[in-house]
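Q: Quick one, what's the 3D model for this:
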Amino acid sequence: MRRLLLLCSTILLILLPLALALGCESPVEVTPEQAQEAEQYNEQGITLVEDGEYEQAISEFNKAIELNPNLAEAYNNRGVAHNELAEFDNAIDDYDQAIKLNSEFAEAYNNRGLAHANKVEFNKAITDYNKAIKLKPMYIEAYNNRGVAYTNEAKFDEAIADYDRAISMNPMYAEAYGNRGFAYIYKGDKYKAISDLEKCILLTEDYSVSSWAQHILDGLNNDAEKL
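A: Below is the predicted model of the structure:
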């Protein structure tokens with residue numbers, strides 16, 4: 001089964017086969033042997049991304065694409081590797097091609113949204129998250145990511161609504177609590193912010209997330225003690 005690299009503020013991995021959708025770019029004829037070898041290179045590339053070897057991963061995805069130009073997942077996965085190297089334009093080009101091959105590729109829209117967000121193109125990011133959510137209404141990570149984009153656009157009510165939706169679908173989603181807490185700070189509701197940040201710290205197993213939340217929480221508690 002094919003593996004697929006996804007971005008959602010952090011890297012996610014899922015296993016998912018993707019078929020070419022109607023209205024997509026016409027497929028190139030590929031032999032079964034070529035298709036199988038391409039999937040092997042794609043798998044090797046994913047393993048290298050997981051190990052932080054992004055340039056080597058790109059080399060493996062290049063081989064996969066050369067053997068099977070129809071493999072939308074390989075374009076998506078190469079885009080993830082480019083994103084990790086802060087090569088955001090290259091990442092967007094790869095997500096564009098993945099979407100051309102499969103116009104219903106919700107994960108590629110989500111990943112392209114993150115690349116746009118990394119370029120501080122939040123309106124473009126929101127458009128991509130909207131498409132990802134339309135294609136996949138239970139796409140929890142896309143709600144969280146759109147909330148981040150709304151926060152950066154100072155649309156805090158919209159952001160909180162997205163975090164609420166993500167949390168309603170997954171009450172253990174630590175990052176959504178942390179992000180919602182951050183939005184509450186801008187809304188001036190420190191008590192809700194503190195509650196969400198504490199929940200984030202309690203739930204997360206990611207040290208970088210817990211230390212970020214703790215740093216913000218310490219600042220809020222220090223401010224409260226001065227009142």
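Q: Looking at Gln36 now. What's its pLDDT?
A: Model confidence at Gln36, given as pLDDT, is 95.
Q: tell me what the helix or strand where it lies is packed against?
A: Using DSSP states H and E, Gln36 falls within helix 32-50. Where contact means 3 or more Cβ pairs under 8 Å, 6 or more residues apart in numbering; DSSP states H and E, helix 32-50 is packed against strand 3-7, strand 11-15, helix 54-67, helix 72-84. Any C-beta I mention is one placed from the backbone N, CA and C, and that applies to glycine too.
Q: what would those look like in CSV with mean pLDDT, mean neighbour count and distance to Ser103?
A: Below are these laid out as CSV (pLDDT from 0 to 100; neighbours: other Cβ atoms under 10 Å; distance: least, Cβ to Cβ, whole Å):
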stretch, mean pLDDT, mean neighbour count, distance to Ser103
strand 3-7, 53, 24, 16
strand 11-15, 30, 12, 19
helix 54-67, 98, 20, 19
helix 72-84, 97, 27, 10
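Q: How is the protein divided into domains?
A: 1-136, 138-227 (automatic domain parsing).
Q: did I read that right, Ile160 in a helix?
A: Yes - assigned with DSSP: H, G, I helix; E, B strand; the rest coil, Ile160 falls within a helix.
Q: Could you measure from the nearest residue to it once chain neighbours are set aside over to Pro171?
A: Spatial nearest neighbour of Ile160, excluding adjacent residues (Cβ to Cβ, 6 or more residues apart in numbering): Ala183 at 5.2 Å. According to Cβ to Cβ, to the nearest Å, Ala183 stands 18 Å off from Pro171.
Q: picking up where we left off before, quick one: which of the domains of the chain has the weakest pLDDT on average?
A: domain 1-136 (a mean of 86).
Q: buried stuff in the helix or strand encompassing Ser168?
A: Secondary structure from DSSP H and E places Ser168 in helix 156-169. By neighbour count on 16 or more other Cβ atoms under 10 Å, the buried set for helix 156-169 is Phe156, Glu158, Ala159, Ile160, Ala161, Asp162, Tyr163, Arg165, Ala166, Ile167.
Q: a markdown table for those residues, including distance to Lys63?
A: Putting these into a markdown table (distance: Cβ to Cβ, whole Å) gives the following:
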| residue | distance to Lys63 |
| --- | --- |
| Phe156 | 45 |
| Glu158 | 42 |
| Ala159 | 41 |
| Ile160 | 45 |
| Ala161 | 43 |
| Asp162 | 38 |
| Tyr163 | 40 |
| Arg165 | 40 |
| Ala166 | 36 |
| Ile167 | 41 |
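Q: Out of these, flag the one nearest to Ala213.
A: Ranked by distance to Ala213 (Cβ to Cβ), the buried residues of helix 156-169 are led by Tyr163 at 13.7 Å.
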